[in-house]
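[1] would you be able to build a 3D model of this:
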Amino acid sequence: MSKRSIANFSRLFIYISFLLCKVRSYEFSIEDEENQELIHNPNPLLESDSLNYAELVSSAHGRHLLLVSLLEKVQSPYWVPRCSGYLQLFLPLTLATPDQPPLVATGQMLKNITNHNGTSLDRSQVIAMLNGIENFQIWPETPFSRFDKYHMAVMHRLSTLFVNQSSFDNMFSIMVVFKEFLSDEMFVDSVYQVIQKRTDVGFIIPSVVSVQPEDFFPGALIDKGIEESSNTSGQIGREKRQAGTSWARGRPVEVAWHQDEYRTMPLWEPEGRLWYFNEDPLVNANHFHWHQVLSSEAEFGSRLHSTRMDRRGEMFYFMHKQLLCRINNERLSVGLNLTNSFGPDRWSQPVYPGYDPKLGRASVQRFAPRPAGATLLPLWQREMRKDLASVREAIREGVLVLGRTQTRMEYRNGRDMGISALGNVVESYVPSYVNSRYGDLHNLGHTCIGNLHMGQGEGVMNSPKVGMRDPLFGQWHKFTDDLFQEYKRKLGFYQDSDLDFPGVSVTNLTLQSVTPEAPNSLTTYLDHRAQVQLNSLDFTSVGSSSVLVKYSRLNHVPFTYTFTVTSSLPPTRGMVRIFLIPANVHLSSDDVDVTQLAIEMDRFQVSLTRGLNSISRRSADSSFVSKRRDTLYELQTKLMWGLVTEDQFNWAGCGWPKEMTLPRGSESGKLFRVFLVLSSLLESDAAHSADWRELEQTSWSWCGVRKDKGGMPDSRPMGFPLDRPPPDGTWRSLMYSEDGSHRTNLAYTNVNITFLPEPWAAGSG
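    Just a heads-up that it's a prediction; the model follows:
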């Protein structure tokens, strides 16, 4: 089959998929509902075209609906209609603001706030609780950053106050009172943290793009969408923010996001070629979601601390290494060099190119541009060098001292005993009173780069929501990964005892697209019809319920891995790890090694019987990709009608965007190697007793597993065996034992990834 014919088959598949996507989405949702047990909710919350507060707080899904609805219209007063007009919150008069309008018949009156003696508190006493939080100085106009250790210390005290309330009623009323005193960013973050830590609500959160879209889409595009939405409804201007406003149910308005006016870098700037990846809303939202799930804490060592996430420091190291691998593969796909490290030798040098994210509304910039040629202040450089020296000294000594605890950084019995503690230290996750000797390296770098404009506001590197947009993000994480590699190199090469799986042989590894292409021929394309529907904040106008943002996003034709495992063993189990590695990349120096190129595509358990085992695995089932990503509107609707399954309710939707499973490749076809490693389970692996049905509903390889849910099922180092540089710097060396014989539990195959920039174009075969 000719390349043109293959491209035409792919175009036909993509086009048909677009036409059927809504039908498929409906069919899959019905199938999910039939095959999974719904939350115990005999009656939907919305039975009589209204929501009752007492009934809402009596169930976990009702309480969760109340919480997530606080994420809607964050910039508006608490009493404006939310949740398609079904929620309109009112505080008791002793707690309400003076301008709270009269209660409406369909509104929800919240409860009084009581202290431990049962005495009701008035508004001034509740505000005093906020002022009582030590050194509280973050007011609504203050830019909030999760990379600022002071900001996060205040956030942890604030979320602890919320979460420790004895009743949901108390907590919810306090949050509503506090709302007007907190910046939008801080209030939203506090809602997320309550969802993570409160045990009487669910764990799922909506797509963060649908909550604060102004953080992900150019301000000019948002203003255009609102203007067109207003014109469509025959109304000019935004929705009036007052009680009694009827909920708008008009048609969506479509706007495009691939026009020159929205470009953040000039056409002649090479770094601008990565706009489709660096600035993609789903990629940036994934980064923020990960930090929200794994980088939140209340009080170090408490039950609420997110060290409940098993090996969370190692997750920090591994997730950012994988981001670096993906960035490097995208750079190769568009003809750029591999990522340079923004290390100490560059800290005193001017930084080029600059970057203007163009985020913000009208004349208000959401994030400040980073000017070309800016240089880190000498004070910042000294602080970063001091922190770097402290971490390097710990790596040399092989010991981390955290408070009264010493952790030996070593490899023992198939486990890396030091990487998780090192990840916590480098990220600056461990509180300063425990981590005073190692400083604030990772987060300090983010805040310094985010302040290179030396003026008001903050740069995108100061926010995990949009930090990946800046070309310096990849360079900063190349530096931090190099630091982790200093530790990994000290551990030496893996031995036969680590890599062998005697009695097992892998053959016939093949990847097959769902289109009738030749085996091992994969397709990516620029989906100009990708869309995000926004129903939150200021995006709705009278007569229109949403703005439909259409933009160009990298996507791919789904595919399946198939391979054969021959086993001479009794029934046994193993862990499959699949890597994608670019071919024909010459690594001529120590600047980049293969561990910074190898994308781990999937990791999953297999059960083997004696003899021949044929195994098939869909790309969409990867334990790295997000399984479901509901918008705020979709989540609210499902909660109201009881259409959320128990599994969905108890996970957060974290994961790499499945649309961007593959790197872009090239129009002429780019060669990659698919490297498969089948490992035996360690005796202590939680995989032996893990609930794999539940794990398959999550992206456990990307977002981790809580300790109270059994912990990570795989005890080997994350990224194994490509977490360390292999002998001779090449992954192929791992395929041979020390005696030179072929290792049969490892296999690879060549694949071609072809990129279609215009998938809708007609072609002839």
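
[2] would you mind measuring from Gly272 to Asp260?
    11 Å (Cβ to Cβ, to the nearest Å). For the C-beta atoms, the positions are set from N, CA and C on the backbone; glycine is no exception.

[3] between those two, who's got more neighbours?
    Neighbour totals were compared for Gly272 and Asp260, and Gly272 leads with 18 against 7 (other Cβ atoms under 10 Å).

[4] my read is that that one contacts Asn278, right?
    No - judged on Cβ atoms under 8 Å, Gly272 makes no contact with Asn278 at a distance of 9.2 Å.

[5] mind listing the helices for the stretch 451-600 of the chain?
    472-490, 496-499 (DSSP state H, counting those that start in this stretch).

[6] same check, this time on the stretch 651-765 of the chain
    Going by DSSP H, counting those that start in this stretch, the stretch 651-765 of the chain shows helices at 692-695, 700-703.

[7] so for Pro218, which of these sits nearest?
    Closest to Pro218 of the helices of the stretch 651-765 of the chain is helix 700-703 (Cβ to Cβ; 27.9 Å).

[8] dump the C-alpha coordinates for the closest one into PDB.
    The C-alpha trace of helix 700-703 is given here as PDB (Å, rounded to 0.1, in the frame of the first residue of the first chain):
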ATOM      1  CA  TRP A 700      -2.000   4.900  38.500                       C
ATOM      2  CA  SER A 701       1.400   5.000  36.600                       C
ATOM      3  CA  TRP A 702       1.100   8.700  36.100                       C
ATOM      4  CA  CYS A 703      -0.800   9.900  39.200                       C
END
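
[9] residue ranges with poor pLDDT in the stretch 501-650 of the chain?
    535-546, 588-590, 647, 650 (pLDDT under 70).

[10] then the stretch 351-500 of the chain?
    361-364, 430-435.

[11] over to the stretch 201-350 of the chain?
    Checking the stretch 201-350 of the chain against pLDDT under 70 turns up 225-226, 228-259, 295-307.

[12] residues near the nearest residue to Lys638 once chain neighbours are set aside, how many?
    Using Cβ to Cβ, 6 or more residues apart in numbering and skipping the chain neighbours, the partner closest in space to Lys638 is Val644 (4.8 Å). Residues near Val644, counting by other Cβ under 10 Å, number 25.

[13] rewinding a little: compare the helices of the stretch 451-600 of the chain and give me the one nearest Val565.
    helix 496-499 (16.2 Å).

[14] what about stretch 390-405, start to end distance?
    17 Å (Cα to Cα, to the nearest Å).

[15] strands along the stretch 601-750 of the chain, start to end?
    Here the stretch 601-750 of the chain has its strands, by DSSP state E, counting those that start in this stretch, at 611-618, 670-680, 746-756.

[16] wait, which of those is closest to Gln212?
    Using Cβ to Cβ, those put strand 746-756 closest to Gln212, at 31.2 Å.

[17] what ranges do the helices span in the stretch 301-450 of the chain?
    Assigned by DSSP H, counting those that start in this stretch, the stretch 301-450 of the chain shows helices spanning 312-333, 378-397, 419-427, 432-435, 441-450.

[18] what would the ones you listed look like in TSV with distance to Asp481?
    TSV is the format used below for the helices of the stretch 301-450 of the chain (distance: least, Cβ to Cβ, whole Å):
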stretch	distance to Asp481
helix 312-333	5
helix 378-397	13
helix 419-427	10
helix 432-435	20
helix 441-450	11
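
[19] looking at this structure, which strand is longest?
    Using DSSP state E, we find that the single longest strand of the chain is strand 521-534.

[20] mind saving the C-alpha coords of it as CSV?
    As requested, the backbone C-alpha atoms of strand 521-534 are provided in CSV (Å, rounded to 0.1, in the frame of the first residue of the first chain):
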residue,chain,number,x,y,z
SER,A,521,2.5,2.3,10.9
LEU,A,522,1.0,4.9,13.3
THR,A,523,-0.6,8.2,12.4
THR,A,524,-0.9,11.6,14.2
TYR,A,525,-2.7,14.6,13.0
LEU,A,526,-3.5,18.2,13.9
ASP,A,527,-7.2,18.1,14.8
HIS,A,528,-8.5,21.6,13.9
ARG,A,529,-11.9,20.6,15.2
ALA,A,530,-10.8,20.0,18.8
GLN,A,531,-13.1,21.8,21.2
VAL,A,532,-13.7,22.7,24.8
GLN,A,533,-17.1,23.8,26.0
LEU,A,534,-17.0,26.5,28.7
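
[21] name the strands paired with it and say parallel or antiparallel.
    Here strand 521-534 has these sheet partners by DSSP bridges: strand 547-556 (antiparallel), strand 746-756 (parallel).

[22] what's the most buried one of these?
    For the strands paired with strand 521-534, the largest average neighbour count (mean count of other Cβ atoms under 10 Å) is found in strand 547-556, namely a mean of 22.

[23] if we can go back for a sec, mind checking the helices of the stretch 301-450 of the chain for the one nearest to Val351?
    helix 441-450 (8.1 Å).

[24] remind me what the closest one packs against, helices and strands.
    Counting contacts by 3 or more Cβ pairs under 8 Å, 6 or more residues apart in numbering; DSSP states H and E, helix 441-450 is packed against helix 378-397, helix 419-427, helix 472-490.

[25] all strands of the stretch 151-300 of the chain, in order?
    Under DSSP E, counting those that start in this stretch, the stretch 151-300 of the chain gives strands at 253-257.
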